[in-house]
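Colleague: only geometry, no sequence info:
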């Protein structure tokens, strides 16, 4: 068998790029070629940014958001309503809610969902921190912004049970027709939920 | 407007990741979250691999392939037939031909295609190097493995003209039905080319 035309340094780079979500073995090769052609503009800065972020970005000790300061910029923002905590599965969901400007309070990142099938239990998630924060007298409402999946609903049930003794109001996102969504393309579960939760004008 | 929930170090990483082919602004965020969760296994090694490859991987001074040694491993391989040069548009095409094991000679990477519309002329490509290499007495055949596009065919015509005085045999890849390809799904151009170039058993 002939030697590979790709040297060891390049092959290692391709193998690591291929591990990223959204890139496979082929697109990793294309990305490596792209980067080699833009060493000063992209490749060097990316190497630095990765190293810099790996060293500086930490999980916020209060809410679990990623930031280079602790508490994170969201927790440190005094303009925000400290009385409402929005519980999300992951930091990506926090970013999505912030992009929408949908929540003016603080957050709590669970770091996953309860999943008996995948062996994810309460100890694997930041549940203790949530109960402790919810016990703070300043907190009046916990919004569970978790996905409407089996694992999401399992987690919702577990959390409502454990937040009940704290005596805080627990709410969840409404379910229904997405804005701009055609009824014809929606699944039966969503349509039934939207009909059940119908509102008067 | 509230402060962004994404800190400057993380935002810079996301912006750089979003420049890579195959990743957009949204998938770059997902990739950044993925990397932050795998600092020691992927993020750190990727930062090192990028830096290392940016410093060590160079364009082969003979054929234009990327490698950390010069001449590259393909040019340095004495088992290869030095008499046949395969001309490709880019290093990715060289890798593709090597993956197929389709060529046992050496390569010449043009670094692009002639494109009057995009302002790419002969001086932007490694054409001078090709004519010099083709003039070597050891070289008997030049295979033009260029795409069957307008720019590809423009480049083929230009190269055949400039290689004629050298007195070397110039060939190109055959056109026809791809292996495993259904006739019904092929475009008319490919079908006509395959019919014109039909062969007897």
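Modeller: Structure's in. What do you need? Owing to the predicted nature of the structure, the values given are computational and were not obtained by experimental measurement. Numbers count the residues shown, from 1 in each chain, chains lettered A, B, ... in the order given.

Colleague: so residue A:124 touches residue A:113, yeah?
Modeller: No: counting by Cβ atoms under 8 Å, residue A:124 stays clear of residue A:113, with 9.8 Å between them. C-beta here means a position set from N, CA and C on the backbone, and glycine is covered the same way.

Colleague: for stretch A:30-39, which positions count as buried?
Modeller: By neighbour count on 16 or more other Cβ atoms under 10 Å in any protein chain shown, the buried set for stretch A:30-39 is A:30-36, A:39.

Colleague: also near chain B: which of these, exactly?
Modeller: Among those, the residues that sit close to chain B (Cβ under 8 Å from any Cβ of the partner chain) are A:30-36, A:39.

Colleague: and the host helix or strand of residue A:160, how far from the chain's centre?
Modeller: Applying DSSP states H and E as the criterion places residue A:160 in helix A:150-163. Remark: helix A:150-163 is offset 17 Å from the chain centroid, using Cα atoms, centre = their mean, to the nearest Å.

Colleague: could I get the buried residues of stretch A:30-39 as TSV with secondary structure and pLDDT?
Modeller: Output for the buried residues of stretch A:30-39, formatted as TSV (DSSP: H, G, I helix; E, B strand; the rest coil; pLDDT from 0 to 100):
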residue	secondary structure	pLDDT
A:30	helix	94
A:31	helix	95
A:32	helix	96
A:33	helix	94
A:34	helix	95
A:35	helix	96
A:36	helix	95
A:39	helix	94
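
Colleague: is it possible to get CSV of those that adds distance to residue A:96?
Modeller: Below are the buried residues of stretch A:30-39 laid out as CSV (distance: Cβ to Cβ, whole Å):
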residue, distance to residue A:96
A:30, 28
A:31, 25
A:32, 30
A:33, 32
A:34, 28
A:35, 28
A:36, 34
A:39, 34
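
Colleague: going by distance to residue B:148, which of those wins?
Modeller: Using Cβ to Cβ, residue A:30 comes nearest to residue B:148 of the buried residues of stretch A:30-39, at 20.2 Å.

Colleague: for that closest one, give me its contacts.
Modeller: Residue A:30 is in contact with B:21-22, B:92, counting by Cβ atoms under 8 Å, 6 or more residues apart in numbering or on different chains.

Colleague: and what of residue A:66?
Modeller: By Cβ under 8 Å, 6+ apart, the residues touching residue A:66 are A:57-60, A:72, A:91, B:7, B:10, B:33, B:36.

Colleague: same check, this time on residue A:39
Modeller: residue B:54.

Colleague: thinking again about what came up before, settle it for me: which of residue A:124 and residue A:113 has more neighbours?
Modeller: Legend: neighbour count by other Cβ atoms under 10 Å in any protein chain shown for residue A:124 and residue A:113, higher for residue A:113 (22 against 15).

Colleague: state the distance from the more buried one to residue A:152.
Modeller: Note on residue A:113: its distance to residue A:152, by Cβ to Cβ, to the nearest Å, is 6 Å.

Colleague: overlap in contacts, these two.
Modeller: Among the neighbours of residue A:113, those also in contact with residue A:152 (Cβ under 8 Å, 6+ apart) are A:89, A:146.

Colleague: how is chain A divided into domains?
Modeller: Per automatic domain parsing, the domain ranges recorded for chain A read A:1-42, A:79-172.

Colleague: and the contacts of the helix holding residue A:160?
Modeller: By Cβ under 8 Å, 6+ apart, the residues outside helix A:150-163 that reach it are A:87, A:89, A:110, A:113-116, A:120, A:122, A:125, A:127, A:130-131, A:134, A:142, A:144, A:146, A:170, A:172.

Colleague: tell me the buried residues in that helix?
Modeller: Under the neighbour-count criterion of 16+ other Cβ under 10 Å, helix A:150-163 has A:151-156, A:158-159, A:162-163 buried.

Colleague: save those as TSV, and put in pLDDT too.
Modeller: Formatted as TSV, these follow (pLDDT from 0 to 100):
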residue	pLDDT
A:151	94
A:152	94
A:153	93
A:154	94
A:155	96
A:156	95
A:158	96
A:159	96
A:162	94
A:163	94
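
Colleague: follow-up on the earlier one: run through the contacts of helix A:150-163 and flag the ones next to chain B.
Modeller: Counting by Cβ under 8 Å from any Cβ, nothing from the contacts of helix A:150-163 sits close to chain B.

Colleague: narrow those to just the buried residues.
Modeller: The neighbour count (16+ other Cβ under 10 Å) marks A:87, A:89, A:110, A:113-115, A:120, A:125, A:127, A:130, A:134, A:142, A:144, A:146, A:170, A:172 as buried among these.

Colleague: just the ones of the residues you listed in strands?
Modeller: In strands, defined here by DSSP state E, the members of the buried ones among the contacts of helix A:150-163 are A:87, A:142, A:144, A:170, A:172.
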